[in-house]
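Visitor: need a 3D model of the following:
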Amino acid sequence: MEEPAVELKVSLEWRRACATFRREIQTVLSSRSLVDHLRLGADGLARLGRRAAHTGLPGGDRERLEDLRQRAAAWLREEPPGSPDAGRRLWQELLDFAQLLCRADRRPEVIEHDRDLLSRARRELARKRPGAQSLPPVVRVLLDGLFGLDDELDHLLERRRATPADLEPVLARISEELSGSGETIH
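Guide: Model (predicted):
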């Protein structure tokens with residue numbers, strides 16, 4: 001049995017990997033062909049599959065991940081590539097599965113970790129002078145530990161000019177969601 005700290009670390013690394021994968025495949029939708037989409041998706045699934053054995057991801061999800069990767073690879077091996085309709089359905093399934101994977105690990109210790117970081121970040125923001133236009137470095141560090149929890153938060157933090165006023169409503173929403181079931185995080 002792994003130590004709780006190790007399990008938490010693995011869970012957070014899995015969340016980051018899944019969020020990165022989901023964002024990679026979502027950002028290419030308008031700029032690449034279906035073949036490129038599925039190739040990128042299959043490669044990403046292979047990377048996740050290598051990590052999945054170490055994450056505690058349920059066996060059914062690991063099997064579905066591998067099945068989806070194999071079906072995408074088979075579609076890509078066809079000459080010419082498989083039917084566009086089948087490829088689009090496969091692509092949609094891949095997008096849906098990426099969403100599912102990112103929500104799979106909502107263990108109590110992960111939720112508690114997230115609540116703690118949010119609380120600490122909000123306290124640090126409250127100490128800032130009113131109207132401050134920059135985030136204290138400590139807040140960025142704390143919120144980096146939440147990467148993959150919430151798309152809106154991730155996008156705000158990517159903007160180097162996100163202000164405390166930009167963050168506070170997002171942090172309040174996430175805190176509220178985590179105090180409930182924790183399942184409505186975006």
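Visitor: quick one: P108 from L178, how far?
Guide: From P108 across to L178, the span is 11 Å (CB to CB, to the nearest Å). (Each C-beta comes from the backbone N, C-alpha and C, glycine too.)
Visitor: distance of G82 relative to L38?
Guide: Taken as CB to CB, the span from G82 to L38 is 9 Å.
Visitor: okay, those two: which has more neighbours?
Guide: When neighbours are counted by other CB atoms under 10 Å, G82 and L38 differ, and L38 comes out ahead with 24 against 19.
Visitor: from the chain's centroid, how far away is the helix or strand that contains that one?
Guide: Element membership for L38 (DSSP states H and E) is helix 34-52. Remark: helix 34-52 is offset 15 Å from the chain centroid, using CA atoms, centre = their mean, to the nearest Å.
Visitor: contacts for the biggest helix by length in the chain?
Guide: Looking across the chain with DSSP state H, the single longest helix is helix 4-27. Applying CB atoms under 8 Å, 6 or more residues apart in numbering, the external contacts of helix 4-27 come out as 2, 37, 40-41, 44-45, 47-48, 51, 54-57, 94-95, 98-99, 101-102, 104-105, 107, 109-110, 113, 145, 147-149, 154.
Visitor: quick revisit: so for P108 and L178, which residue has more residues nearby?
Guide: More neighbours surround L178 than the other of P108 and L178, with 21 against 8 (other CB under 10 Å).
Visitor: mind checking how far the more buried one is from H113?
Guide: 10 Å.
Visitor: which parts of this structure are strands?
Guide: With strands called from DSSP state E, the chain shows none.
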